[in-house]
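# Need a 3D model of the following:
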Amino acid sequence: MRFQARSTLAAVCAVALLGTGCGTTSINAGSAGGPDPEEICEGPTEDYTIGVSQANVAEPYRVRMNTDIRRAAAEVEQFDEVQFLDAAQDNSRQVSQIRTLITKQVDLLIVSPNEAAPLTGVVSRAYNSGIPVVVLDREINGDSYSTFIGADNEKIGRKAGEHFADRLLPDGGKVVELRGLSGSTPAAERGKGFRAGIRGSGIEIIASADGQWLRAEAQSKMDAILKAHPRVDAVYGHNDPMAEGAHLAARSAGRASGTEFVGIDGLPIPSGGIKAVQRGRLSATFVYPTGGEEAITAAKKMLIDCEPVPAKQTLPTRLVTPENAAKVYRRLNSR
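Reported below is the predicted structural model:
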């Protein structure tokens with residue numbers, strides 16, 4: 001791991017939480033500060049340490065993200081060490097963990113923020129202290145990072161709404177929305193997009209609850225909603241575990257039959273959303289790539305190849321239905 005190239009800059013910036021004004025030429029041209037590409041890239045003759053700050057590992061999606069990062073990093077011999085830290089959905093804990101990675105002077109930070117606003121300051125601090133930062137899946141406020149990698153959550157939400165309007169409930173109906181963690185950007189964007197997708201369709205959102213991205217929490221919230229609402233035609237879960245939690249609650253109440261359940265993630269694993277579609281628990285899901293492989297590709301470009309990276313990388317997605325689930329599952333596992 002290299003310390004000397006960044007030691008003076010880090011010492012100056014470490015005293016300030018936000019560290020604005022530190023740094024020289026930015027990898028992300030949209031930001032006023034940030035690491036100097038000439039300082040951070042030592043080429044293929046050096047070893048590098050990467051710090052990964054994960055919002056939680058309670059979601060299968062995040063476990064898969066870490067797996068994808070670990071697998072891709074193992075193929076780059078210069079990536080000597082990858083340190084994974086679990087914030088366990090605790091903003092303060094994630095802030096503290098990133099501060100520790102800054103103190104250790106990791107060569108690059110990969111972060112998937114628990115929530116945007118509470119993590120913005122410390123991520124900006126890392127970036128402005130000279131550490132290149134890859135933000136995955138969930139955004140922060142502002143642009144103090146090297147690159148953001150993720151799918152278009154608002155577009156996915158809109159496509160989900162259109163699927164409800166066009167295929168699942170063409171004559172309208174009553175829908176329950178199970179949201180992700182309220183302060184996370186995907187939750188806001190998936191909700192906004194969904195409302196745009198169902199606009200003018202006769203579909204009514206009769207209840208909306210924060211399931212915190214977790215199956216058990218969503219199951220509990222859905223159980224209460226079912227008691228309060230004698231008619232529920234469909235459930236829109238901001239991720240597959242919450243949609244599955246809703247299905248479990250409806251099945252326990254004897255109300256799963258005839259109810260549509262849709263989620264997002266589409267993990268190609270036996271317990272993932274694609275298999276849930278194949279087995280009839282979910283009506284549909286949307287593939288939401290983890291970006292783990294792309295994050296390591298970006299790290300290699302910045303640290304080893306001395307190449308620029310785009311400020312934003314939007315990953316592709318696709319709708320998964322019973323008609324194409326088997327094919328999508330095979331294709332994603334053949335990569």
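
# I'd like to know which elements the helix or strand where residue 174 lies is packed against.
According to DSSP states H and E, residue 174 maps onto strand 173-179. Packing contacts for strand 173-179, counted by 3 or more Cβ pairs under 8 Å, 6 or more residues apart in numbering; DSSP states H and E, involve helix 185-198, strand 203-210, helix 215-228, strand 234-237, helix 240-252. For every residue, glycine as well, the C-beta is placed using N, CA and C.

# how far off helix 240-252 does it point, in degrees?
In terms of direction (axes from the mean of the first three to the mean of the last three Cα atoms, to 10 degrees), strand 173-179 departs from helix 240-252 by 130 degrees.

# where exactly do the strands run in the stretch 51-200 of the chain?
Along the stretch 51-200 of the chain, the stretches classed as strands by DSSP state E, counting those that start in this stretch are 79-86, 108-112, 133-136, 147-151, 173-179.

# Just the CA atoms of the third one, as PDB, please.
The C-alpha coordinates for strand 133-136 follow below in PDB (Å, rounded to 0.1, in the frame of the first residue of the first chain):
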ATOM      1  CA  VAL A 133     -14.100   7.400  -4.300                       C
ATOM      2  CA  VAL A 134     -16.500   5.000  -6.100                       C
ATOM      3  CA  VAL A 135     -20.100   5.500  -5.000                       C
ATOM      4  CA  LEU A 136     -22.200   2.400  -5.600                       C
END
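
# What pairs with that strand, parallel or antiparallel?
strand 108-112 (parallel), strand 147-151 (parallel) (DSSP bridges).

# Looking at those, which is nearest to residue 318?
When the strands paired with strand 133-136 are compared by Cβ to Cβ, strand 147-151 sits nearest residue 318, at 10.3 Å.

# Alpha carbons of the closest one, in CSV - could you do that?
C-alpha atoms of strand 147-151 as CSV (Å, rounded to 0.1, in the frame of the first residue of the first chain):
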residue,chain,number,x,y,z
THR,A,147,-17.5,8.1,-10.1
PHE,A,148,-21.1,7.0,-9.3
ILE,A,149,-22.1,3.6,-10.5
GLY,A,150,-25.7,2.4,-10.4
ALA,A,151,-28.9,1.8,-12.4
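
# tell me the angle of the strand holding residue 174 relative to strand 203-210?
20 degrees.

# and strand 173-179 with helix 185-198, angle?
If you take the same axes, to 10 degrees, strand 173-179 sits at 170 degrees to helix 185-198.

# Turn the strands of the stretch 51-200 of the chain into JSON lines, columns for distance to residue 296, mean neighbour count and mean pLDDT.
Compiled in JSON lines, the strands of the stretch 51-200 of the chain are given as follows (distance: least, Cβ to Cβ, whole Å; neighbours: other Cβ atoms under 10 Å; pLDDT from 0 to 100):
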{"stretch": "strand 79-86", "distance to residue 296": "7", "mean neighbour count": "17", "mean pLDDT": "97"}
{"stretch": "strand 108-112", "distance to residue 296": "8", "mean neighbour count": "28", "mean pLDDT": "98"}
{"stretch": "strand 133-136", "distance to residue 296": "9", "mean neighbour count": "27", "mean pLDDT": "98"}
{"stretch": "strand 147-151", "distance to residue 296": "10", "mean neighbour count": "23", "mean pLDDT": "97"}
{"stretch": "strand 173-179", "distance to residue 296": "30", "mean neighbour count": "23", "mean pLDDT": "98"}
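
# Between those, which one is closest to residue 41.
For the strands of the stretch 51-200 of the chain, proximity to residue 41 was assessed by Cβ to Cβ; strand 108-112 is nearest, at 10.7 Å.

# chain center to that closest one: distance?
The chain centroid and the centroid of strand 108-112 are separated by 12 Å under Cα atoms, centre = their mean, to the nearest Å.

# contacting residues around that strand?
40, 48, 50-55, 62, 65, 69, 98, 101-102, 119, 123, 126, 131-138, 295, 299, 302-303 (Cβ atoms under 8 Å, 6 or more residues apart in numbering).

# Mind doing that once more with 7 Å?
The contact list for strand 108-112 (Cβ atoms under 7 Å, 6 or more residues apart in numbering) reads 48, 50-55, 62, 65, 69, 98, 101, 123, 126, 131-138, 295, 299, 302-303.

# And stretch 90-99, by the same measure?
Applying Cβ under 7 Å, 6+ apart, the contact partners of stretch 90-99 are 53, 55, 85, 87, 109, 111, 114-115, 118-119, 122-123, 126.

# one more time with 10 Å
14, 17, 51-56, 83, 85-88, 106, 109, 111-115, 117-119, 121-123, 125-126, 131, 133, 183 (Cβ atoms under 10 Å, 6 or more residues apart in numbering).
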